[in-house]
Structures are given as C-alpha cells and as structure tokens.
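Engineer: Just need the structure, nothing else, for what follows:
(2 chains)
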Amino acid sequence: MLSVKDLRAEIDGKEILKGLSLDVPAGEVHAIMGPNGAGKSTLSYVLTGRQGYDVTAGSATLDGEDLLVLEPNERAAKGVFLSFQYPLEIPGVPALTFIRTALNAQRKARGEPEITAPEFLKLARAKAAELKIDFDMLKRALNVGFSGGEKKRMEILQMAMLSPRFLILDETDSGLDIDALRIVADGVNALRGPDRAMLVITHYQRLLDYIRPDRVHVLSAGRIVASGGPELALELERDGYDKYARAA
Amino acid sequence: MAAVKQTVDHVRSLEKYKHGFVTDIDQEFAPKGLNADIVRFISAKKDEPEWMLAWRLDAFERWLAMDEPDWAKISFPRIDYQDAYYYAAPKAKAGPKSLDEVDPDLLETYKKLGIPLREQEVLAGVEGAPKYAVDAVFDSVSVVTTFKKELAQAGVIFCSMSEAIREHPELVRKHLGSVVPVSDNYFACLNSAVFSDGSFVYVPPGVRCPMELSTYFRINAENSGQFERTLIIADQGAYVSYLEGCTAPMRDENQLHAAVVELVALDDAEIKYSTVQNWYPGDPETGKGGIYNFVTKRADCRGDRSKVSWTQVETGSAITWKYPSCVLRGEGSSGEFYSIAITNGRQQADTGTKMIHLGPNTRSRIISKGISAGKSTNTYRGLVSAHPKARGARNFTQCDSLLIGKTCAAHTVPYIEARNGQSVFEHEATTTRLSEDQLFYAMQRGLSEEEAVQLLVNGFVKDVLQELPMEFAVEAQKLVAISLEGSVG
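Structural biologist: Predicted coordinates for the structure are as follows:
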C-alpha cells in the first residue's frame, strides 16, 4: 500500500524529515510515536500535499503510484485521508454540504456518477448514528462552535463517508475524554479491512489500547529510529523517548 | 503547484466577462455634450409635459453650481461630462406595442443575457414557478414591459418612467424627488436633469403584488451614459418585491452610470428591492474600461410600521459608489440592508448604507459582506443615526470582510450617531483572510482549489444570499463564483 523511501522534506529551508523510510502494507495498522518536534505532523502533511512543505529527496508511493506529484485533492481522490489534529471551522457551510461536495468531487475525479441526495442522506444518517452524532448537528456549519471531541468525531464521520483506502490519524486522541475516545476508536476500527491501511500518529500509548496496531515505529529527529510490535508502545510508555532521542 | 497554475490559467481564459458583447443596432443619439438644449432635447424626445421639462432644467441649473464629491475611497481620472452622449435609443417605430414589434436584434440581446423576456419562456419554467414581470431598459429607453395586463388586474402599475410621466402624472409629480431631492448630491442632480428612462411601480392600498417585478438594465452604446430613474410606491398595506439586473459590453472607455432609485413605503407597506449588479468591471490587468457606477438609492419609510429591505449583490463595475439607504420616518418602521460586494482585478467599491432613524421604535439591520481579491479595494461605509424623537431605535450592524490574496484591501468606515438616550446600536465587524489552512482542509477532502474557494466564499456570504428571491439566489451564487475565478493560485 504505502511505501516511503528516504524521504527528505523541509519548511522554510529547515529540514524536518531527514531520510524517512516506511512501509505500510494493505490490511495493516501502523502507529507512529515520537517526541514533540520529531516530524510526525510534517509527515502527515507531506503525504497529503500541503503547500509549504518542500520534498527535497526520496519518494512516497501508494500502490506504486507516485503521490508527491499529485495535488492534495488528487491524492484524496486516490483514497488518502487525513484526520486533522486541529480540524478547521468552515463558517456558513453546513457539515452535510461540505461532505457531499467533497464526496462528489472525489467521485467525479474517479469518473464515478454523483451520489443522489436520498442515497447521501441515508448514508449520513447511518454513519452519524454509529458515531453517536446527533443528525441535526450535521445541518450546522462544519465545526463552528463544536467542542474538541465533537470535531474529532466529525473527522471520523467524514472518514467513514468518504471511505478512503489509506487513513492517517494525526493525534486523534488529543482532547478526547475516555467515552469519546471509545466511540472514535470504534469508528476507526470499523474501517479496518484487508483493502485499507492506516497510519496512527500519537504521543501516547492510550489510543493504541483501543486501536491495536500491527506495527509501532518511533520517529525521532525526522527519521524512523526503531520499529517493533505493539509491545514497543508499552515500552515507550514506561521508559519515555530519551533513549531514542539520543540514538537520533 | 503547476497543476493549479494550469487550471487557473485555463479558467482565466474562460473567465472573460461573458456579457461583453455589443449589439449592432441602429441607434439614435443626442449630440455629444451637456447643456440646457440637450436637456430640452431629451424631454422633447420623450414628449414630456411642460412641468417635467421645468423640473429637469431646474436640476441642470443646480448641477452646474455643484462639485463632484471626493470623500469616497476611490480614485479615477476626472470625468469630462462634455465628452459623453446623454441620450441613446434604439431606432424603432414609435413605441413598440408588443414584443413582436421590438427589434429582433434587441430581443436576441436579451436572450443572450438569459432574461426571461418572452412570457412563454417564463411560463415554460418549472410547474408552479413564480412568474416575473420584466421591464427591459436598453441604453436610454425602456424597451418592453411584460405581464402588464395581469398586473393591471391586481391594480398594480408597472411601466417605464416615460410612460408613467405621460399616463400617471399625478403620482409622478407627487413622489418624484420626494425621497432623493433634486440637489441631494452631484450625481443625483445630474440624473434629475438628464434621466432617460427607468421603471415605475405603484402598488395600491392592501395589494400584494402577485409576482416578482424586475428590470434589466443594459448599456450598449459607446461613450454614452445611462441615467435611469426608478420610482416605487407601495401604498398602505401593500407589498412588492422588485429585482434589477445590470450588464454592459466590454469597452476600453469608462462609461458613467448614474441612476436614482426612490422607494416610498406608506403605512404597513413593505418593499423588497434586490439588485444583482454585473456591469463590466474593466480589464482585470490594466484596469482599462469598465462602468463607473455612481448611484443614489434611498427609501422613505414614510408610514408607520412600513418596511424596506435592500439586498444587493455587487460584482461588476470598475468603480461602485453606492449607499442604498432608509429614512425611517414612520413609527415602528424598519429598514434592512443585506449586501455582498465583490471586487477583483482593479475594481474599486465604496458602498454601504445609511439608516436614518427619525421615528420612535424604528429598527434597522445591516449585514454587509465584502470580498476583495486581485488588486482591488473594497470599502464599507455606513451611517446609523438616531434623531431626538427616535426613542427606542434599534440597529444591528455586522460588517465582515474577506481578503483573498495579498494585494487587495478592505476598509470599514462606520459612522454611528445617537442623539437620544433610548437607542440601542450594535456594531460587529470582522476582517479575515481566506485561510490557507481552510483551503488545504477542503482540498484534502477532495475539492479542487477553485471549488474550495467557492465553497468557502459561499459560506461567507450565505447570510445575504438567503435574503434574495430563490431563483436569483442561485444566479447570484454562480455570479459570485465567476467573479472570483482565478483569484487564487
């Protein structure tokens, strides 16, 4: 699925990713953990094509297709989805309108017909119920006046409705209480499947109790410095990142 | 972002002002320049009664003594008022009686503009869709007015101003200039002297006008100004909704449009006036050409509990100088102003409203959304005032500005005067830049950059769009998108 090789990227001339390599095969969930400033969010932005992040070397492909030459929306149409650490407020645009516009834009890019209004509403009702989101909330402007937990749930709802192939969760647990965390994790787990892969970026082991990763990678100073099974997350929880900070 | 650049270039090539065609028809002009004889010429062309000519000549005398205002935040070279035509009319047999007698080229023009001039086209619309009565003004002359019979049955008068002067002199004499006095300002005064045509509406007491009324204004002739005059009177308990649309061909010279609109609302009457203004904005790169839109619009809420609502979507013109206002005279009368002003390229807009609270318990509401892109300047200028007798006056004002790109400017200049201790005025203002974060967020979800801008901008202007009559809201939404195409990247 995703293959990243020797990726180097900089912001304003400052190198953040310094030769990062990573493989996430289809059907797997990989966690990326690491201290602040290690380049976790930069990785998610580089993979999704945010402006201002300049790739200077290396490659990133999805099923062999070069991601780095594509626009952000083209990557989205290929199935790349980022659940934002800080979801944006979109004043005046109801959540339903936003999601439907996005879904149809993706469908159009893939040469598929637009979703009909009844189909769309049916889908939205079903997914909102699964995530315990009050349907009326979807008629309000997206994320405007929503609590931190509501915004994160809205990200997962968008994810569920857009049905991406490669999912990046950037600090999805931050700002969530334990109940909300469980609901969000259930939503994410429901999307696990043999055709999908996920990259879960987090500071803390806590989220990984709910979303069990197949592999855990430690990102430090712009590179993957250690990889292992789920037990690596527990070790990090116990010993901290010090050892890896030095190794980098 | 090479792909985006390509898209933007592509869109830009398509973006050429789509109403920029010229209709080649026989025109009749008054001699170039402006003097008392030209005023007489115009009046004679229109078979006007003596009192009308006297009114015009008086206005002309006063205009000579006035100076062009210079307080607005706009800049343009001095206008040579002697270098323009003040009367241009399509040459036709005297007064077309029906659509069949109208020059087919003219009808073709309106067809290009997508105007539902022919009644069957309107009727061919969706089952149950409302009908629109249309008055079309081509340069200086009102070409045709539709649905007259049906309106007459309801007692509604909807005709060109020239016709109203001939057929309903008592109404015209009583109300013309009663809201915007002859010498109110430089451009209104000029209009009073040389106004060519425009629309006239009278809705009798207790009548709810059975359909939307609309006027389409089109400037076609070269070097000519358009000075239309609109007068709408809603008698006691009457209701009318009126919409005007404006377009012009692309020309290298600037053309002057100095209209005057007067609204009179008597007791319990309500007037809803919507404008979708899309005059040619000039060349986006050089700023060459385009319409100077210097317009005076004012409503007199003369009666108790009367209500006037202005809604405007301003996307065109090289320069817009326009402040649709409400004089809230009647007790408990109310005024509303909803505005979307979009400037792109080298456009300049200085627009806003005045809410003059004279009567007790009067209310007003102002929602202004300014969007600046390219190298444009967009200024909101507004006045809210309460006079000593306006006890219990209330106003709510919200002015939001959205900046797209780094070379445009937005200004907000609100004036607030409360001359009694029992008024409550609220003012909120925000200025935001269309954020890269929001754009990226929408693009990450699958929207192209253009689609993302459109979605975000439509969200920004939603409060105002929903005030427009439904069919026009859709049109306006498209217009908003077209006006901003190529504004990012």
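Engineer: Phi and psi next, for the residue nearest in space to the middle of chain A.
Structural biologist: With distances taken as C-alpha atoms, centre = their mean, A:I168 lies nearest the centre of chain A, 2.0 Å away. Here is the backbone geometry of A:I168 (degrees, to the nearest 10): phi -120, psi 120.
Engineer: can you tell me which residues contact it?
Structural biologist: Taking C-beta atoms under 8 Å, 6 or more residues apart in numbering or on different chains, we find A:I168 in contact with A:44, A:47-48, A:80-83, A:198-199, A:201. C-beta coordinates here come from the backbone N, C-alpha and C atoms, glycine included.
Engineer: So which residues on chain A come close to chain B?
Structural biologist: A:48-52, A:71-77, A:81-82, A:84, A:87-93, A:97-99, A:101-103, A:105-106, A:109, A:141, A:158, A:162 (C-beta under 8 Å from any C-beta of the partner chain).
Engineer: In strands only, show me these.
Structural biologist: A:81-82 (DSSP state E).
Engineer: Would you list the buried entries among the residues of chain A next to chain B?
Structural biologist: Buried residues within these, counting neighbours by 16 or more other C-beta atoms under 10 Å in any protein chain shown: A:48-50, A:71-77, A:81-82, A:84, A:87-93, A:97-99, A:101-103, A:105-106, A:141, A:158, A:162.
Engineer: coming back round to it: okay if I get the contacts of A:I168 as TSV plus pLDDT?
Structural biologist: Output for the contacts of A:I168, formatted as TSV (pLDDT from 0 to 100):
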residue	pLDDT
A:S44	96
A:L47	97
A:T48	97
A:V80	97
A:F81	98
A:L82	98
A:S83	96
A:M198	97
A:L199	97
A:I201	95
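Engineer: Roughly how far does whichever residue of chain A sits closest to chain B sit from B:L456?
Structural biologist: Closest approach between chain A and chain B, counting by C-beta to the nearest C-beta: A:G92, at 3.0 Å. According to C-beta to C-beta, to the nearest Å, A:G92 and B:L456 sit 8 Å apart.
Engineer: Repeat that for A:V200.
Structural biologist: According to C-beta to C-beta, A:V200 and B:L456 sit 29 Å apart.
Engineer: repeat for A:D179
Structural biologist: Between A:D179 and B:L456 the distance is 33 Å, computed by C-beta to C-beta.
Engineer: Within range of chain A, give me the residues from chain B.
Structural biologist: Within chain B, the residues that sit near chain A (C-beta under 8 Å from any C-beta) are B:1, B:3-4, B:435-438, B:440-449, B:451-452, B:455-456, B:458-463.
Engineer: remind me which residues of the chain are low pLDDT?
Structural biologist: Unless you meant another one, I'm taking chain A. A:246-248 (pLDDT under 70).
Engineer: wrong one, I was asking about chain B
Structural biologist: Residues of chain B meeting the criterion pLDDT under 70: B:1-29, B:89-146, B:217-225, B:246-253, B:471, B:485-489.
Engineer: Would you state the strands of chain A in chain order?
Structural biologist: A:2-11, A:14-24, A:29-33, A:53-62, A:65-66, A:80-83, A:166-170, A:197-202, A:215-220, A:223-228.
Engineer: packing partners for the first one?
Structural biologist: Helices and strands in packing contact with strand A:2-11 are listed as strand A:14-24, helix A:40-48, strand A:53-62; criterion 3 or more C-beta pairs under 8 Å, 6 or more residues apart in numbering or on different chains; DSSP states H and E.
Engineer: May I see those arranged in CSV, with distance to A:H217 as well?
Structural biologist: Formatted as CSV, these follow (distance: least, C-beta to C-beta, whole Å):
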stretch, distance to A:H217
strand A:14-24, 7
helix A:40-48, 10
strand A:53-62, 15
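Engineer: tell me the most buried of those?
Structural biologist: Mean neighbour counts were taken over the helices and strands packed on strand A:2-11 using mean count of other C-beta atoms under 10 Å in any protein chain shown, and the top value, a mean of 23, falls to helix A:40-48.
Engineer: what packs against it?
Structural biologist: Here helix A:40-48 touches strand A:2-11, strand A:14-24, strand A:53-62, helix A:72-77, strand A:80-83, strand A:166-170, strand A:197-202, going by 3+ C-beta pairs under 8 Å, 6+ apart.
Engineer: Which of the residues of chain B next to chain A are buried, as a PyMOL select command?
Structural biologist: What follows is the PyMOL syntax selecting those of the residues of chain B next to chain A that are buried according to 16+ other C-beta under 10 Å:
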select buried, chain B and resi 4+438+440+441+442+443+444+445+446+447+448+449+451+452+455+456+458+459+460+461+462+463
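Engineer: What is the burial count for A:G27?
Structural biologist: Using other C-beta atoms under 10 Å in any protein chain shown, A:G27 has 14 neighbouring residues.
Engineer: so who does the residue nearest to A:K151 when sequence neighbours are not counted touch?
Structural biologist: Leaving out its chain neighbours, the residue that sits closest to A:K151 by C-beta to C-beta, 6 or more residues apart in numbering or on different chains is A:P87, at 4.3 Å. Going by C-beta under 8 Å, 6+ apart, A:P87 touches A:143, A:151-152, A:154-155, B:441.
Engineer: Include distance to A:A129 when you put those into JSON lines, please.
Structural biologist: Below are the contacts of A:P87 laid out as JSON lines (distance: C-beta to C-beta, whole Å):
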{"residue": "A:N143", "distance to A:A129": "20"}
{"residue": "A:K151", "distance to A:A129": "19"}
{"residue": "A:K152", "distance to A:A129": "17"}
{"residue": "A:M154", "distance to A:A129": "14"}
{"residue": "A:E155", "distance to A:A129": "17"}
{"residue": "B:Y441", "distance to A:A129": "25"}
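Engineer: ok, now which ones touch the spatially closest residue to B:V424 that is not a sequence neighbour?
Structural biologist: Among residues not flanking B:V424 along the chain, B:R394 sits closest, at 5.0 Å (C-beta to C-beta, 6+ apart). Contacts here follow C-beta under 8 Å, 6+ apart; on that basis B:R394 touches B:362-364, B:423-425.
Engineer: So which of those wins on neighbours?
Structural biologist: B:T362 (32 neighbours).
Engineer: Correct me if wrong: that residue contacts B:R391.
Structural biologist: No: counting by C-beta atoms under 8 Å, B:T362 does not reach B:R391; the two are 9.6 Å apart.
Engineer: Spatially, what comes nearest to residue 47 if we skip its sequence neighbours?
Structural biologist: Looking at chain A here, since you left the chain open. In space, and not counting its chain neighbours, A:L47 is closest to A:A60: 6.0 Å by C-beta to C-beta, 6+ apart.
Engineer: that answer is for a different chain, and I need it for chain B
Structural biologist: B:R166 (6.7 Å).
Engineer: go on, A:V184?
Structural biologist: Of all residues not flanking A:V184 in the chain, A:I156 sits nearest, at 5.4 Å (C-beta to C-beta, 6+ apart).
Engineer: how many neighbours does that neighbour have?
Structural biologist: 25.
Engineer: contacting residues around it?
Structural biologist: A:83, A:131, A:172, A:184, A:187-188.
Engineer: Selecting buried members of those in PyMOL, what would you type?
Structural biologist: Selecting only the buried entries of those in PyMOL, with 16+ other C-beta under 10 Å as the criterion:
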select buried, chain A and resi 83+131+172+184+187+188
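Engineer: thinking again about what came up before, pick the one among the contacts of B:R394 closest to chain A.
Structural biologist: For the contacts of B:R394, the nearest to chain A is B:S364 (22.8 Å; C-beta to the nearest C-beta).
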